[in-house]
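**Student:** let's see this in three dimensions:
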Amino acid sequence: MKMVLNTTRSLTILLLLGAAGMLGGCHGDREDQPPRQFFPDMDDQPKWKPQEKSDFFTDGRTMRKPVSGTVAYGRHSFSTDPQAEGWESHAAEQREDVLKEDAGTYQGMTADGQDYLTTVPMPVTMDLLKLGQTKFNIYCSVCHGYLGDGKGTLQQYFAVAPANFHDPKFTEEDPTSPDPTSRDGYIFTIARNGVRSMPGYAHAINERETWAVVAYIRALQASRAGTMQDVPASQQPNVERDFGAPGSATTPANDPATKLTPADPATQGTPAKSNTPPSPEAGKPAPAGTLPPASPTPAPAPGGPQ
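**Tutor:** Below you'll find the predicted structure:
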């Protein structure tokens, strides 16, 4: 029995040593022999690298010249209807995104690159606003809040509060300010490149999506500055119901802070306080042996017994 145990133990030790040796060989130790290849087809793929010699083509070159008549993708512009929904409008948009020739759309700057754009350089449609709302809620609301008021979930953790887009500096031009914060091109640039402790989001949203966010910020600002005259007549009753004050449409209707607070059930039926000063005898305990005052007898109903 003892011999069997010793033999089993010796075999176990040998197997462990062999496995350790194999693992060590896969660890990149220096040796003259080529490394082991468990999947040769992945290591030695049939591909050509740039500037590499080729035995397949007669001229010995791997890199090939374009076919005769080939036109560079960005050499000629598309002549399409901007409102068209066909493939050509999408292809033209892709071409513009590759070339990035328009300084306004892709940098937020004027053509000479000396100033920020004043307004969004593309038609502001409902689809663009909905796209901006989606991206704003994903990437911006956590710091700036869903209403753009700088009261996001993380604002309490910052030494400097996130920007409140309802601050007048984001809507009114200030010639004395070193930063033109009221311009759409400035907000576009900051959103993509960041500023101070705020990181840029160019890695997450492209230029068109960034402009959509800028347009949505302007929509939030407009909703905060709106009046009842700006609301369609068919929707005014809903605004009055949600805001509780006729003629006031200063915040979005989905803002929990602006909802009417339902009355506390504990206060229902509480009598109004009297302005008559209390009697000097009020609050004093009744003398021992006295009966409490009788309740006043209700007046008889008209025509009833006297």
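
**Student:** SS state for the closest residue to residue 117 other than its chain neighbours?
**Tutor:** Closest residue to residue 117 apart from its sequence neighbours, by CB to CB, 6 or more residues apart in numbering: residue 185 at 3.4 Å. Heads up, the C-betas are built off the backbone N, CA and C, glycines and all. Judged by DSSP: H, G, I helix; E, B strand; the rest coil, the three-state class of residue 185 is helix.

**Student:** residue 185: neighbouring residues, count only.
**Tutor:** 23 (other CB atoms under 10 Å).

**Student:** pretty sure it sits against residue 109.
**Tutor:** Yes. Residue 185 is within contact range of residue 109, at 6.2 Å (criterion: CB atoms under 8 Å).

**Student:** what sits in contact with each of those two?
**Tutor:** Counting by CB atoms under 8 Å, 6 or more residues apart in numbering, the shared contacts of residue 185 and residue 109 are 115, 116, 117.

**Student:** buried residues of stretch 93-112, list them for me.
**Tutor:** 96, 103, 104, 105, 106, 107, 108, 109 (16 or more other CB atoms under 10 Å).

**Student:** how close does the nearest residue to the second one once chain neighbours are set aside get to residue 116?
**Tutor:** Of all residues beyond its chain neighbours, the one nearest residue 103 is residue 109 (4.9 Å), with distances taken as CB to CB, 6+ apart. Separation of residue 109 from residue 116 (CB to CB, to the nearest Å) stands at 6 Å.

**Student:** anything in contact with each of these two?
**Tutor:** Joint contacts of residue 109 and residue 116 (CB under 8 Å, 6+ apart) are 185, 189.

**Student:** just the strands in the protein please.
**Tutor:** Here the chain has its strands, by DSSP state E, at 194-195, 198-199.

**Student:** residue 238 is nearest to which of those strands?
**Tutor:** strand 198-199 (36.3 Å; CB to CB).

**Student:** list the strands paired with that closest one, with their directions.
**Tutor:** Strand 198-199 has the following strand partners under DSSP bridges: strand 194-195 (antiparallel).

**Student:** so who does residue 174 touch?
**Tutor:** 181, 182.

**Student:** ok, now which ones touch residue 140?
**Tutor:** Neighbours of residue 140 in contact, by CB under 8 Å, 6+ apart: 148, 191, 213.

**Student:** give the burial count for the last one, as a bare number.
**Tutor:** By the criterion of other CB under 10 Å, residue 213 has 26 neighbours.

**Student:** ok, back up a step: out of the contacts of residue 140, who's nearest residue 241?
**Tutor:** Among those, and counting by CB to CB, the member closest to residue 241 is residue 148, at 24.3 Å.

**Student:** hmm, back to that, could I get the contacts of residue 140 as CSV with pLDDT?
**Tutor:** Output for the contacts of residue 140, formatted as CSV (pLDDT from 0 to 100):
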residue, pLDDT
148, 93
191, 95
213, 97
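
**Student:** low-confidence bits of the stretch 101-250 of the chain, can you list those?
**Tutor:** 244-250 (pLDDT under 70).

**Student:** how about the helices in it?
**Tutor:** 103-107, 126-139, 141-144, 184-193, 207-225, 236-243 (DSSP state H, counting those that start in this stretch).

**Student:** I'd like these as a markdown table, with distance to residue 66 appended.
**Tutor:** Formatted as a markdown table, the helices of the stretch 101-250 of the chain follow (distance: least, CB to CB, whole Å):
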| stretch | distance to residue 66 |
| --- | --- |
| helix 103-107 | 27 |
| helix 126-139 | 37 |
| helix 141-144 | 47 |
| helix 184-193 | 34 |
| helix 207-225 | 29 |
| helix 236-243 | 61 |
